[in-house]
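*Asks:* Provided below for reference: sequence and predicted model.
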Amino acid sequence: MAGLYDPVTALAGVGAVRAGQLESLGIRTLYDLIAFFPRDYEDRTVFVPIDRLEPGATACFRALVVTQPRTAHIRRGMDLTKLTVSDDTGKLGVTFFNQSYVADQLRYGEEYCFCGRVDESFQITNPAFEPAASAGRVTGRILPVYALTAGVSNKLMGKLVGQALDACAGSIPEILPLSVRERFSLCGAEEAYGTVHRPESFEALARARKRLVFEEFFIFSAGLAILRARRRGEHRDPLPNRDVSPFLAALPFSLTGAQRRAVDEILSDFAGGASMNRLVQGDVGSGKTMVAAAAAYCAAMNGRQTALMAPTEILAGQHYALLAPLFERFGFRTVLLTGSLRAAEKRAAREAAADGSASLVIGTHALLSGDVTFHNLDLVVTDEQHRFGVAQRAALGAKGRDPHLLVMSATPIPRTLALILYGDLDVSVIDELPPGRQSVDTFLVGESMRRRINAFIRRQAEEGHQVYIVCPAVEENEETSLKSAEVWAEALQRSVFPDLRVGLIHGRMKSAEKEAVMAAFAAGETQILVATTVIEVGMDVPNATLMVIENAEQFGLSQLHQLRGRVGRGKDKSYCVLFSSNPPPETLARLSAFCATTDGFKIAEEDLKLRGPGDFFGSRQHGLPAFKAASLTCDLDTLTEAREAAGEYLAAVPDRDEAELEPLRARIRALFRDDLALN
């Protein structure tokens, strides 16, 4: 019998080529195959009469072959095999392309079960089929549908998964304790993994999925709980000088109550005997940067260094321009370290970080480079947390000795959800905007308003302001009518605004190209910037007063809110215009709700109701594990239950045998892709 973690080449028929194809799907071991869950299921248990087949819909039916199958050679490389089938209600033409062998498999006068999609002319092409007398392999079952890659068909994937299940029968470890399974009415691991690939009924499938979702969230929650417990178990000296009042007094404005509360929570962490791990979550423009600056000032007052990592060079530069003169007033040096600096500038910044002469080091991913060292790094700040994964946070933190960690996010997530998802972090919420922050008037319009909006864009440019125009697609696609950034930018420059400077930015451009485009827009050299959602973070241009979003129905509310947050950052009145042509009623209601408020937390709550958190919280983007069975959109209740159960289970760890815990620890390491050293 093969082992659970044996390579896939242990299976018959899987050689180096096939193993390479599977590896492109993240499948290396037999367990990877077993845990490669179907993305969907086809219900092939229901058979319908021929006269009830609906064009465009996949269905199963039983029918007799009433004409002899005949194959015609149309041209080189093209064979057509045709026949007619019939039941008591009607006849149907069947065509197979380049499958001449079916002429020997489908015998005149015999009954078969077919499954396929009927077209508008009431013909069916390349249906799956099997003899009615032995149905159950192709039809009469719930068919798993897998994500595939070149060279691997759904049939082959099902076969390989079945081989892996048979080879590993009896060896799938039981992660969930019996008490947890009984409490939440969960089936065993062996049953769950077998049923999800070979479901006998949708009821059994629901039971299996419930178990697998719970298991995944249990493992996830246990991993975060171990992180939290480890952090609290580590002891370090408090920062003795925590008086930040001189710094706050030097600011040209007063902090809001929410900002002060966040600062106080950070200072309380500094006074404790453990390293801080705190998320500061605030709406766009709520003043998170100044909260982080107060924390960096406190570290500097104690002779410690701070590293602030931003997602783009332009945002890092803006942080530097804001904070360097402020820290200079107190005799603290700030340096900037990004990839585009000249060699001499980089060398000087690295030296200042290494010898301790720089109290605050601001940069991008360049800070993670192996040649960047610190003299006394004690505070790590990451801006736009969801752009940096767990591994990147850990890599920067490793450049100090258990430094305090402060992560900032402008993605408004309801507090209860944030507490679950950021289970290894304490959470501070900045839920009010600084005085004077501009509200952004938002309008939903159709194509009939195009000329008026173009005139409004021109007026903004003539008044010396700048405009963002966001498109949902990069390139033109004949199958959709979505605005393409490349095509739209060219059309605007050529036909609509030939006298204005129109820029273009999208995610497929090289990093240096994107940085150059953003820098040109920030410097006012470009008046209109056509973009994809790549500008969602990393752009702070106070002179931009208008955000136009094409095909707004394609975006989630929280993403729309992030985009809208790119304007209204200066002293001038700002606007956001959503284009959406004839949206269905539910979409119209959603977009209208967005236009009615600028409160990011209200918008996040609405997004949770309408679309679920997956819209604004993608696990890969936010540095969290990619779940195989669980969905943050559908399974929040299960996440809450699993988190509670994992906490109770781990609380009794001293009483548990290490051998009992090892399968759980192994799954934690696998789930977090070894980003977390949970040994």
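*Replies:* On my side now, so go ahead. Numbering: from 1, shown residues only.

*Asks:* and Thr442, helix, strand or coil?
*Replies:* When classified by DSSP: H, G, I helix; E, B strand; the rest coil, Thr442 comes out as strand.

*Asks:* burial of it, as a residue count?
*Replies:* By other C-beta atoms under 10 Å, the residues close to Thr442 number 22. Bear in mind the C-beta positions are built from the backbone N, C-alpha and C, glycine included.

*Asks:* now do the one 3 residues further on
*Replies:* Here the neighbour count serves as a burial measure; for Val445 (other C-beta under 10 Å) it reads 16.

*Asks:* Can you name the residues that contact it?
*Replies:* Counting by C-beta atoms under 8 Å, 6 or more residues apart in numbering, Val445 touches 453, 577-580.

*Asks:* Now do the contacts for Thr71.
*Replies:* 79-81, 100, 103.

*Asks:* Now do the phi/psi pair for it.
*Replies:* Main-chain torsions, Thr71, degrees, to the nearest 10: phi -110, psi 130.

*Asks:* Could you report the pLDDT at it?
*Replies:* Looking at Thr71, its pLDDT is 93.

*Asks:* partner residues bridging it?
*Replies:* Per DSSP bridges, the residues bridged to Thr71 are Thr81.

*Asks:* Report the distance from stretch 325-341 to the chain centre.
*Replies:* On the basis of C-alpha atoms, centre = their mean, to the nearest Å, stretch 325-341 sits 33 Å off its chain's mean C-alpha point.

*Asks:* Rebuild the contacts of Val445 as a markdown table, extending it with pLDDT and distance to Gly507.
*Replies:* Output for the contacts of Val445, formatted as a markdown table (pLDDT from 0 to 100; distance: C-beta to C-beta, whole Å):
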| residue | pLDDT | distance to Gly507 |
| --- | --- | --- |
| Ile453 | 97 | 25 |
| Val577 | 97 | 23 |
| Leu578 | 97 | 21 |
| Phe579 | 96 | 21 |
| Ser580 | 93 | 23 |
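
*Asks:* picking up where we left off before, determine which two of the contacts of Thr71 are furthest apart.
*Replies:* Leu80 and Ala103 (10.9 Å; C-beta to C-beta).

*Asks:* rewinding a little: filter the contacts of Val445 down to the ones in strands?
*Replies:* 577-579 (DSSP state E).

*Asks:* Adding neighbour count and distance to Glu462, write these out as a markdown table.
*Replies:* Shown next, in a markdown table, are the ones in strands among the contacts of Val445 (neighbours: other C-beta atoms under 10 Å; distance: C-beta to C-beta, whole Å):
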| residue | neighbour count | distance to Glu462 |
| --- | --- | --- |
| Val577 | 23 | 17 |
| Leu578 | 25 | 23 |
| Phe579 | 22 | 22 |
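
*Asks:* Including distance to Ala307, could the residues you listed go into CSV?
*Replies:* CSV is the format used below for those (distance: C-beta to C-beta, whole Å):
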residue, distance to Ala307
Val577, 39
Leu578, 38
Phe579, 41
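
*Asks:* for stretch 112-132, how far is the first residue from the last?
*Replies:* 4 Å (C-alpha to C-alpha, to the nearest Å).

*Asks:* So Leu326, which state does it fall into?
*Replies:* Three-state call for Leu326 (three-state DSSP): helix.

*Asks:* contacting residues around it?
*Replies:* Leu326 touches 247, 250-251, 293, counting by C-beta under 8 Å, 6+ apart.

*Asks:* let's see it at 10 Å
*Replies:* 247, 250-252, 290, 293, 296-297, 332, 334, 360 (C-beta atoms under 10 Å, 6 or more residues apart in numbering).

*Asks:* cool, and Asn241?
*Replies:* Counted by C-beta under 10 Å, 6+ apart, Asn241 has contacts 270, 298-303.

*Asks:* same thing but at 7 Å, please
*Replies:* For Asn241, the contact set (C-beta atoms under 7 Å, 6 or more residues apart in numbering) comprises 301-302.

*Asks:* Now do the same for it: its pLDDT.
*Replies:* 94.

*Asks:* and it, how far is that from Pro49?
*Replies:* Distance of Asn241 to Pro49, computed by C-beta to C-beta, to the nearest Å: 83 Å.

*Asks:* Gly370 too?
*Replies:* Counting by C-beta to C-beta - Gly370 and Pro49 are separated by 69 Å.

*Asks:* quick one, which of the two is more surrounded?
*Replies:* Neighbour comparison, Gly370 and Pro49: the larger count goes to Pro49, with 13 against 7 (by other C-beta under 10 Å).

*Asks:* Isn't the more buried one up against Lys91?
*Replies:* No: using C-beta atoms under 7 Å as the test, Pro49 is too far from Lys91 to be in contact (11.7 Å).

*Asks:* Could you list the domains of this structure?
*Replies:* 46-140, 245-273+287-409, 440-597 (automatic domain parsing).

*Asks:* Quick one: those as a markdown table, columns for distance to Leu176 too.
*Replies:* Formatted as a markdown table, the domains of the chain follow (distance: least, C-beta to C-beta, whole Å):
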| stretch | distance to Leu176 |
| --- | --- |
| domain 46-140 | 32 |
| domain 245-273+287-409 | 24 |
| domain 440-597 | 33 |
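
*Asks:* Which one, of these, ends up nearest to Gly162?
*Replies:* Closest to Gly162 of the domains of the chain, according to C-beta to C-beta: domain 46-140, at 11.3 Å.

*Asks:* what's the spacing between the closest one and its chain's center?
*Replies:* Here domain 46-140 is found 41 Å from its chain centre; the criterion is C-alpha atoms, centre = their mean.

*Asks:* Compute the first-to-last residue distance for that domain.
*Replies:* Using C-alpha to C-alpha, the end-to-end distance of domain 46-140 comes out at 7 Å.

*Asks:* Next: stretch 629-637.
*Replies:* One end of stretch 629-637 sits 15 Å from the other (C-alpha to C-alpha).

*Asks:* ok, now stretch 108-120?
*Replies:* One end of stretch 108-120 sits 26 Å from the other (C-alpha to C-alpha).

*Asks:* who's in contact with His465?
*Replies:* So His465 contacts 543-546, 572 (C-beta under 7 Å, 6+ apart).

*Asks:* Now pLDDT and secondary structure too, for the residues you listed, in a markdown table please.
*Replies:* Putting those into a markdown table (pLDDT from 0 to 100; DSSP: H, G, I helix; E, B strand; the rest coil) gives the following:
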| residue | pLDDT | secondary structure |
| --- | --- | --- |
| Asn543 | 94 | coil |
| Ala544 | 95 | strand |
| Thr545 | 95 | strand |
| Leu546 | 97 | strand |
| Asp572 | 90 | coil |
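
*Asks:* which one of those residues is nearest Ser592?
*Replies:* Of all the contacts of His465, Ser592 sits closest to Leu546, with 20.1 Å by C-beta to C-beta.
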